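K.L.:
missing the sequence, but the structure's below:
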């Protein structure tokens, strides 16, 4: 039986493609909107840029209307079924206080929901197209 070479390489691929991640987030948005008054949801970081690896986390900016909801972070984590999800959750007023930082973080982001640009449709969450 051959022994593995000490120079062998194990290649690990990401569990989900960029498109699969975006679709899972989109699919969860209506349920999340029932729990938080969503204003903006943006995928950013390596998944948004298409430069992710098997070890990348999935950075997601979630902004919702005031007042603060004590367990908003946990609600996002429970509702969006992605193991590597790293939500960054802010109220509108919290986001305004760090707007320049959030702007840099999401510059190359994929906007999945922007309530200021979409119209309400019978309570449904309107989503941007990628």
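P.N.:
Structure received. From a predicted model like this one, the values you see are computed outputs, not experimental measurements. Residues are numbered from 1 along each chain as shown.
K.L.:
count the residues that sit near residue 44.
P.N.:
21 (other C-beta atoms under 10 Å). Where you see a C-beta, it was placed from the backbone N, CA and C, and this is true even at glycine.
K.L.:
beta partners for it?
P.N.:
residue 59 (DSSP bridges).
K.L.:
report the contact partners of it.
P.N.:
Counting by C-beta atoms under 8 Å, 6 or more residues apart in numbering, residue 44 touches 59, 60, 61, 105, 106, 108, 109, 110.
K.L.:
make a markdown table from those residues and add neighbour count and secondary structure to it.
P.N.:
Output for the contacts of residue 44, formatted as a markdown table (neighbours: other C-beta atoms under 10 Å; DSSP: H, G, I helix; E, B strand; the rest coil):
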| residue | neighbour count | secondary structure |
| --- | --- | --- |
| 59 | 21 | strand |
| 60 | 25 | strand |
| 61 | 21 | strand |
| 105 | 17 | helix |
| 106 | 19 | coil |
| 108 | 14 | coil |
| 109 | 21 | coil |
| 110 | 21 | strand |
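K.L.:
in CSV, list these along with distance to residue 76 and pLDDT.
P.N.:
Converted to CSV, the contacts of residue 44 look like this (distance: C-beta to C-beta, whole Å; pLDDT from 0 to 100):
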residue, distance to residue 76, pLDDT
59, 12, 98
60, 7, 99
61, 10, 99
105, 16, 95
106, 16, 96
108, 21, 94
109, 16, 97
110, 17, 98
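K.L.:
top helix in the protein by residue count?
P.N.:
For the chain, the longest helix by residue count, based on DSSP state H, is helix 18-35.
K.L.:
can you get me the start-to-end distance on stretch 8-16?
P.N.:
Start-to-end span of stretch 8-16 (C-alpha to C-alpha, to the nearest Å) is 25 Å.
K.L.:
give the buried residues for that stretch.
P.N.:
Neighbour-count burial for stretch 8-16 flags 14, 16 (criterion: 16 or more other C-beta atoms under 10 Å).
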